[in-house]
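Visitor: need coordinates for the below:
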Amino acid sequence: MTKQPIRERIWDDLEDSGVARFPFPPHGRIPNFEDAAAAADRLTDTDAWASADTLKANPDAPQLPVRRAALRAGKTLYMAVPRLREEKCFLRLDPAEIDDIDHATTVGGSSEVGVPVGPESMPEIDLVVSGSVAVDESGGRIGKGEGYSDLEFAVLGGFDLVDDGTQTATTVHERQVLDERIATDDHDVPMDLVVTPDRTIETSAGAKPSGIDWDAIDADRRAEIPILDRLAPE
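Guide: Model prediction:
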C-alpha cells in the first residue's frame, strides 16, 4: 500500500475514534492525539533522552510536551524555520535565555524568542524527535507528505551535525502504530524509538540516509530553500 491511503486511514481512525485532539481536523497534518503528554513522559525515561544535551524537534502539536520537557530539563532545542525558507533555517531555544518555556515552545512563541541560526553555528544533534502520521515497529515512518522532516535531517547531515548514529524518536498514539511494514523510500529517516502513551518500542531501524536525495527535490523547492545552494553538488 502506498503512503497516502495509509495517511487517510489513520486520520479517519483518529477522528472517528475520538482520539484526535486540537487542532481539528487531524487530516493533512501531524495529528495531535489523546495522552500525548504521557507519550512525552515515557520518552523522557529513555537512555536516548537522558544522554542528549541537544535536540532537534518538529513544531507540531503532539510534540509540544516533548519540547517543553526538553527545555525544562536544561536541554538546548532546535526547530526548523517553516519550510527551511531562510538562510538561517533553524531556531535555537536555549533554556538559559528563555523566561516563559510554555510560550517559547509554541509555533508562534518559537518564532518570537527563538534565535535564528544557520547549521554552521549549531552543535551536533544528539536526538531528533519527529512527528508522524503512522509508524511501524521496525522504525518505518510516514509523515504528512511534504518531506520536510527528512530534508531537515539531510541538511543537518550535510553539515555533519547528524549521522547514522544519531538517535531518532517519535511520539504517537497506539492507533498510529501499524501491524504491516511501511514501504519506505531511500531518503526516509527511520525511527530508533517509537513511543506511545503505553509502551516504548526500540526498533530494528536500518541505516539512516546519508546526504540529500537530489532526485527527490524539484527546481521549485530548490529555489525556495537557500541552504540547499551550499550543499548542492558541483
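Visitor: make it CA atoms for all contacts and neighbour counts henceforth
Guide: OK.
Visitor: tell me what the host helix or strand of residue 78 is packed against?
Guide: Residue 78 is located in strand 76-80, with elements delineated by DSSP states H and E. Packing partners of strand 76-80 (3 or more Cα pairs under 8 Å, 6 or more residues apart in numbering; DSSP states H and E): strand 54-57, helix 64-72, strand 90-93.
Visitor: which residues are in contact with the longest helix along the chain?
Guide: In the chain, taking DSSP state H as the definition, the longest helix is helix 3-17. Under the contact criterion Cα atoms under 8 Å, 6 or more residues apart in numbering, helix 3-17 has outside partners 20, 25-27, 31, 33, 133-134, 142, 144-145, 175-176, 182-183.
Visitor: ok, residues contacting the helix or strand just after it?
Guide: Counting by DSSP H and E, the element after helix 3-17 in chain order, helix or strand, is helix 36-43. Helix 36-43 has contacts (Cα under 8 Å, 6+ apart) with 49, 62-63, 65-66, 69, 171-173, 195-200.
Visitor: give me that answer again for 10 Å
Guide: The contact list for helix 36-43 (Cα atoms under 10 Å, 6 or more residues apart in numbering) reads 21, 33, 35, 44, 49-50, 61-70, 129, 169-173, 193-200.
Visitor: now that helix: mean pLDDT?
Guide: For helix 36-43, mean pLDDT is 98.
Visitor: tell me which two of the contacts of helix 3-17 sit farthest apart.
Guide: Greatest spatial distance among the contacts of helix 3-17 (Cα to Cα): 25 and 183, at 26.0 Å.
Visitor: neighbour count winner among those two?
Guide: The neighbour comparison of residue 25 against residue 183 (other Cα atoms under 10 Å) goes to residue 25, with 15 against 12.
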